[in-house]
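Q: This is the structure alone, sequence omitted:
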């Protein structure tokens with residue numbers, strides 16, 4: 001290296017050092033420590049006792065609550081993520097039209113994403129109460145409203161309803177991508193006789209697939225790590241009907257002080273997220289289209 005290159009490298013590492021130190025101390029270090037802790041029996045008060053893979057074996061073979069929480073997490077992700085994508089795409093398509101007050105509507109749709117999740121969960125706890133506004137509205141049509149958060153049949157749909165409330169973030173990204181689609185493509189389609197529906201499925205959706213893919217990945221990761229809504233609204237009840245992976249991990253770690261067991265849950269959750277993310281990236285080659293890519 002020349003003197004100039006060495007000096008530039010030195011300045012680079014100097015300015016990047018706060019992030020590097022933070023990454024090593026607060027992320028990489030705890031991750032490595034959690035691998036060791038997951039192989040021990042540790043209650044955070046006594047010295048860790050090495051147990052090998054016993055925590056993982058117990059999780060996979062002798063813990064029905066873990067399997068129920070895993071199923072609930074799969075169910076939540078499988079419904080909330082596609083539903084959020086569809087609603088976000090529908091709203092973005094509506095806002096892309098030349099309607100009056102569209103700037104106001106864009107603001108109102110994005111506004112719920114700015115509200116802290118804890119505050120949103122507290123509001124929904126009142127909305128979904130047995131005598132709350134939602135059941136009152138259903139009563140106007142002669143429909144008896146259920147106890148959304150107290151019945152095992154309805155508690156997961158209630159959590160999914162809350163997740164849809166934050167679809168404004170995906171809507172804004174999709175709307176921005178729609179604005180970037182060349183108008184010439186639609187004009188050429190009109191000349192060929194394509195109607196609005198055909199244009200939407202043959203031009204708009206393929207052009208949006210990179211943003212849809214991004215929202216899919218972020219939605220999957222967020223859905224598998226759902227915590228605040230469950231902890232505030234139901235704490236996993238009733239009868240673990242809404243128990244998901246992260247609240248289960250939290251309870252094992254900070255309610256029962258099973259730190260080794262909780263660390264094993266966290267690494268299994270990491271493996272699940274990694275597998276689904278890799279599957280999404282693998283299948284993306286078939287349906288995600290980029291402007292500079294020829295298929």
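A: Looks like it came in fine. As the structure is a prediction and not an experimental result, all values here were calculated from the model.
Q: Please, where are all the helices along the stretch 101-250 of the chain?
A: 102-114, 117-127, 133-140, 152-164, 168-179, 183-191, 196-199, 205-224, 228-233, 245-254 (DSSP state H, counting those that start in this stretch).
Q: pLDDT averaged over stretch 109-128 - what is it?
A: Regarding stretch 109-128, the rounded mean pLDDT is 91.
Q: returning to that earlier point: so which of the helices of the stretch 101-250 of the chain gets nearest residue 37?
A: helix 245-254 (10.0 Å; CB to CB). Quick note: C-beta positions are derived from backbone N, CA and C, even for glycine.
Q: Which helix or strand lies directly C-terminal to that closest one?
A: Downstream of helix 245-254, the first helix or strand assigned by DSSP states H and E is helix 259-287.
Q: List the buried residues of that following helix.
A: Buried residues in helix 259-287, counting neighbours by 16 or more other CB atoms under 10 Å, are found at 259-269, 272-273, 276, 284.
Q: One more: stretch 201-217?
A: Applying 16+ other CB under 10 Å to stretch 201-217 flags 203-204, 207-213, 215-217 as buried.
Q: Show me what the lowest-mean-pLDDT helix or strand in the chain is packed against.
A: When each helix and strand of the chain is scored by mean pLDDT, DSSP states H and E, helix 102-114 comes last, with a mean of 87. Helices and strands touching helix 102-114, by 3 or more CB pairs under 8 Å, 6 or more residues apart in numbering; DSSP states H and E, are helix 64-95, helix 168-179.
Q: Taking helix 117-127 as reference, get the angle to it.
A: 100 degrees (axes from the mean of the first three to the mean of the last three CA atoms, to 10 degrees).
Q: I'd like to know how far residue 81 sits from residue 274.
A: Residue 81 sits 16 Å away from residue 274, going by CB to CB, to the nearest Å.
Q: What number of residues are in the vicinity of the closest residue to residue 106 other than its chain neighbours?
A: Closest residue to residue 106 apart from its sequence neighbours, by CB to CB, 6 or more residues apart in numbering: residue 95 at 5.5 Å. By other CB atoms under 10 Å, 19 other residues sit near residue 95.
Q: Verify the stated contact: residue 95 with residue 109.
A: Yes: with contacts counted by CB atoms under 8 Å, residue 95 reaches residue 109, the gap being 7.2 Å.
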